[in-house]
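Peer 1: attaching a predicted model along with its sequence, questions to come.
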Amino acid sequence: MTKTELPDLSVGELSRRSGVPASALRFYEDEQLIRSRRTAGNQRRYRRDTLRRVTFIRMSQRVGMPLSTIREVLGLLPDDRTPTRVDWDRISQCWRNDLDERIRQLEQLRDQLSDCIGCGCMSLTKCRLANPGDQLGRVGPGPQRLPDHRAEGYA
Ligand code: FES
């Protein structure tokens, strides 16, 4: 039996092979990240290359990519095909830049956090984590984090 003659996978088989719970696979399908066809008995069947697609999704999630970004990238592949090794090379290079940027932001946060350790003031004037760059001051006066403070006469 050649590879192309192998039957499609049930949700249980795909779950077992990928290590991803069936509930997560159904969620991926709801999110249009993977597709299935239905049998006469209304059971899901996945093409075998869905396994690679699921691996791609999991690896992408592991580096912190949101599902919306993963869906976008998968949507760029012609004919809805599964990412190949060449695709992954290209995509992972782009995501490396994104990761570098997130690492830079996290390092910045870490450095700001050291000012807060043991402090607990959460001051909107002093604390760089509670109000970075006094962004809330630019929005307007009053407690900007309470969305309806103006309606209650606090403005
Ligand atoms: S909690 Fe006091 S400086 Fe951040």
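Peer 2: Yep, it's here.
Peer 1: show me where pLDDT drops low in this structure?
Peer 2: Applying pLDDT under 70 to the chain flags the ranges 1-4, 134-137, 141-155.
Peer 1: which segments of it make up each domain?
Peer 2: Residue ranges for the domains of the chain, per automatic domain parsing: 3-97, 121-155.
Peer 1: list, one by one, the residues from this structure near the ligand.
Peer 2: Counting by CB under 6 Å from any ligand atom, the residues of the chain close to the ligand are Asp115, Cys116, Cys119, Gly120, Cys121, Met122, Ser123, Lys126, Cys127, Leu129, Ala130. For the C-beta atoms, the positions are set from N, CA and C on the backbone; glycine is no exception.
Peer 1: what about the helices in this protein?
Peer 2: Ranges of helices in the chain, per DSSP state H, are 11-18, 22-30, 50-62, 67-76, 85-116, 135-139.
Peer 1: most packed of the domains of the chain?
Peer 2: The highest mean neighbour count among these, using mean count of other CB atoms under 10 Å, belongs to domain 3-97: a mean of 14.
Peer 1: circling back to that earlier point, nearest to Gln43, of the helices of the chain?
Peer 2: Closest of those to Gln43 is helix 11-18, at 7.8 Å (criterion: CB to CB).
Peer 1: what angle sits between the closest one and helix 50-62?
Peer 2: 60 degrees (axes from the mean of the first three to the mean of the last three CA atoms, to 10 degrees).
Peer 1: and helix 11-18, how far from the chain's centre?
Peer 2: 22 Å (CA atoms, centre = their mean, to the nearest Å).
Peer 1: contact partners of that helix?
Peer 2: 9, 20-22, 25-26, 36, 43-44, 46, 50-51, 54-55, 58 (CB atoms under 8 Å, 6 or more residues apart in numbering).
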